[in-house]
Every structure is written in structure tokens, then in C-alpha cells.
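Novice: Sequence first, predicted coordinates after that:
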Amino acid sequence: MKKIAIAFAVLTFSLIVYPLPQARATTPGIYFDHIVIIAFENQNLNAIFGSPNAPFINSMLSGGSYTTAYSVDQTGCSAACYLQMTSGSNQGKSDGYCPRANSPCLTVSNLFSLFDSFNGLTYQAYCEFDSTQSPTTCPRGADHFPFIAYSNANPGSNGGCFLAGNCANIFGGTASSCSGHSCTSADFVSAANAVTPPNFLWYTPSDCNNMHGQTSNCANGCASSDSTCFVQQGDSYLQNFLIGTGTLSNPATGSLFASNAFSTGMRTLFVLWFDENSNPPELFYGTQVHHGFVSSMTYTHYGVLRTIEQNWGLGYLANSASSINISELFSGSPTVLLTPNPWSCTIIHNCSLPFTVESQFGFSGTVTFTFQNLPTGDSVTFTPTSVTIGIGAKASTSMVVSGPCSGRVPPYPTVVATPNAGSQQSSQGRFICVQ
């Protein structure tokens, strides 16, 4: 009791706390409300874009965006690439790191744990059944379907809920885990056709359908060494998956692009994602991206992950925190994202707070920082007062507020970032005054 009394005796300061502005809603997202990813394998850009072996994918280019300089930071990564894309790190792993019978194998933060921390975001991931492969259910396991490895997505032991066929958000571990039957593209289309589709949908086809190559016994008849055949087969498979017997402008009923997720008014991004090789042909498609746009920026899996995280304000996983985003590919006027927003700063004699501006929609240039609605008698400095950023990049300043913090009712204290081109951005906050 004496310690408590002394604590209260010492605490002679008074607190003046001004209300914090309501946080900006992060659903819907900045760039899209839904994202649908289909994972393909082992191809470089020049084997797909402009190739007569992939006519359907090439027909999508006029409605999508890509970069000629997409880069993967390690060769032959397969499993590690999937981990990069979904956890921001290769986690020091290589192929075969997580046999399904031993899963889960990783207790690390990942996209699904970020989704779980944000109330309202929904997600599902599917792994394809293939009767010609062994095992037939999700043949490549965690190497191509990393969600098996994550303890939060696949809780339990000895295969977790995935091998038991009763996971809440990942499907394909048993011959009956998709509503009593094996998982196929039709189950994925059904998920996308829900009245309210998941915000995040992922599909891993088998190696017979994803252009992987070097796979025997496939029903498509491709020889294991015939890479041309696997590209042609993958292109045909994707066409049937996305539009069926229809067209891109009029997809057939039962195809992915005819589902509710891609209906008029839905802000859905489709990503054809390739895991590895030095220059993979990642394609970003839909109403949310520039159509027929070709960038020369060097983007990575970490940058794609960062853009998904930024889209919903989820925070950043591992290497995505230092990567540039890919927002240049999206439709929108070049500007910057100013964070934190909102903010608070506790003043005894002064307070210091970092602010970051990040390029959005292809902005490149100088950003100047100013302050509005400063409490009477206080002063503010920014160091530096302006920063220069490139496309997809970010830079920071440090705000220092000094003075008596005599207080002021709203309008709220506001940090303003003014790009040399594009719209001004502001972040409202509050001071907590200790007097």
C-alpha cells in the first residue's frame, strides 16, 4: 500500500487528452476489395508473353498490367518463393521442408494471421486434386501450398486439420475435403460465386496444369521434357478455368470470370502468379489496373505482398517492410500515402513522431511537410522538411512539437504532405499533454 501511495504522490502531472479522430476504414481496400490468385510455375516472361504457345494469356494483356523486370531473389526456390509471397521471408526453407504428415511446420506471422487480426477480412485457399499424381490430393503439399505449413492456418499435429479434411479456410487435403469430394477448380469458382466472396482467394493447380513441366503420367499427354507442351496445356487449362467456352468480355456460366467476384461493380484483382525463374511473367488483370500497361520497374514477391498488406492496412511482414509497392500498375491519380493516420503524440516538454510518405499509383517526385491547427504557443519542425521518392518507394521525416501544450479543441492538429504533383494528403491526430 505504501508503494501505491508514493506512486500517487509522485504523479503530480495532469493529463489533457484531446480526442483521436476516427480511424480511416481499411475495408474496402485502397486498390481492390477482393484479390484472386492462381499460382503457376517455372516460366520466364519471354516463354509466355508474346509466345504463340500461350495465346489465351496473351489475349489478357490488353486488360492487364505487368512489368518486364519482375525479379525473384533466389533461383530454384519453389517452396521458398511461396513462403516469400505469403510470409515475407523464405524462412530458410527449401523443397521438402514440411512433409504433410509432419505439418504444420512453421509458427510465423503470415498473410492469414494478418487477416485474422483484422476483423471482417475473409480468406480461403484451395489445392487441386489430380488423379494422375501421387498423392492425388494437393500433390506437392507445402512446397506449392504454403498454408499447410503455417500453424495458424493448419492447426493441430500429424497433418493438422488439412489431412483431417476439416480446416476452416484451406481445402484439398483429402478426397472429400471440398463438400464431400476432391477439390477442383469448380469448387474454387463456387467460392468466388458466393453472395459475399472472400476478400482473398488462392488456388494451387497440380503440376500437370500449372506449366511446371518435368512431371510424368499427366493426363494431358505432355512428355516430362516437353516444356512447350506444358505451356500450351497450362494456357488451355487457364482459359477453361477463367472463361470456359466464352470470351473475356462474355465468360461462360460456371467459369471464374463469370462468378460474383468478377461481376459488374466488384473491385476484384486477378493475379496470375508465377513462383520462380529469373524473370517470371506475373500478370495483374481486371478493372482495377491500367489496361495494356507495361512497366519497367523491378518488382518482387515481397512488393506484391506489401501491396496486399497496404491495401487493407495490415502492417508489413518481414522483407515486405523494406520493399517497394506495385501500385503503379493500378488505375488512379499519382499521389502519396501518409502514415501514421491517425496519430497521437504525448507532450511533456516536446514530442517526436516519425511520418512516412509512400508513392501511390506511380507517383515520383518531392513531398513537403507542413502542419495545420497547432496548439497556441507550440512550435513544430520537420526533419527533413521535404523528401524525394521514386515509383513505389517511401521516405520518412521526423516531427518534433515543442511548447506548453496549452491545448486546443478541434479542428484537429493535422500533418500535411504536399507532393509536387498530385493531391495533398493529410493525417489528423491528437496531443496528449502532460502538465
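Specialist: Looks like it arrived, so ask away.

Novice: ok, the closest residue in space to residue 327 that isn't next to it in sequence - contacts?
Specialist: Distances taken as CB to CB, 6 or more residues apart in numbering place residue 360 nearest to residue 327, at 4.9 Å, with adjacent residues excluded. C-beta: built from backbone N, CA, C; applies to glycine. By CB atoms under 8 Å, 6 or more residues apart in numbering, the contact list for residue 360 reads 30, 325, 327, 332, 334-337.

Novice: Could I get the full set of helices for the stretch 151-300 of the chain?
Specialist: 160-164, 185-192, 227-242 (DSSP state H, counting those that start in this stretch).

Novice: thinking again about what came up before, which one (most neighbours) among the contacts of residue 360?
Specialist: In terms of neighbour count, residue 325 stands highest of the contacts of residue 360 at 30 neighbours, by other CB atoms under 10 Å.

Novice: Does it lie in a helix or a strand, and which?
Specialist: Under DSSP states H and E, no helix or strand contains residue 325.

Novice: How much space separates it from residue 423?
Specialist: Taking CB to CB, to the nearest Å as the measure, residue 325 falls 18 Å from residue 423.

Novice: For burial, what's the neighbour tally of residue 400?
Specialist: There are 14 residues near residue 400, going by other CB under 10 Å.

Novice: Kindly state the beta-bridge partners for it.
Specialist: residue 352, residue 381 (DSSP bridges).

Novice: which other helices and strands contact the host helix or strand of residue 336?
Specialist: Per DSSP H and E: residue 336 is located in strand 335-339. Contacts defined by 3 or more CB pairs under 8 Å, 6 or more residues apart in numbering; DSSP states H and E place strand 335-339 against strand 350-360, strand 414-419, strand 425-434.

Novice: Could you give the average pLDDT over it?
Specialist: The pLDDT scores in strand 335-339 average 97.

Novice: Just checking: what are the partner strands of that strand?
Specialist: As defined by DSSP bridges, the strand partners of strand 335-339 come to strand 350-360 (antiparallel).

Novice: pLDDT of the partner strand, averaged?
Specialist: In this model, strand 350-360 carries a mean pLDDT of 96.

Novice: now do stretch 149-164
Specialist: 96.

Novice: same thing with stretch 243-252?
Specialist: pLDDT averaged over stretch 243-252 gives 98.

Novice: again, but for stretch 366-385
Specialist: For stretch 366-385, mean pLDDT is 93.

Novice: Look up which helix or strand the spatially most central residue of the chain falls in, please.
Specialist: In the chain, the centroid-proximal residue (CA atoms, centre = their mean) is residue 308; its distance is 2.3 Å. Per DSSP H and E, residue 308 falls inside helix 301-312.
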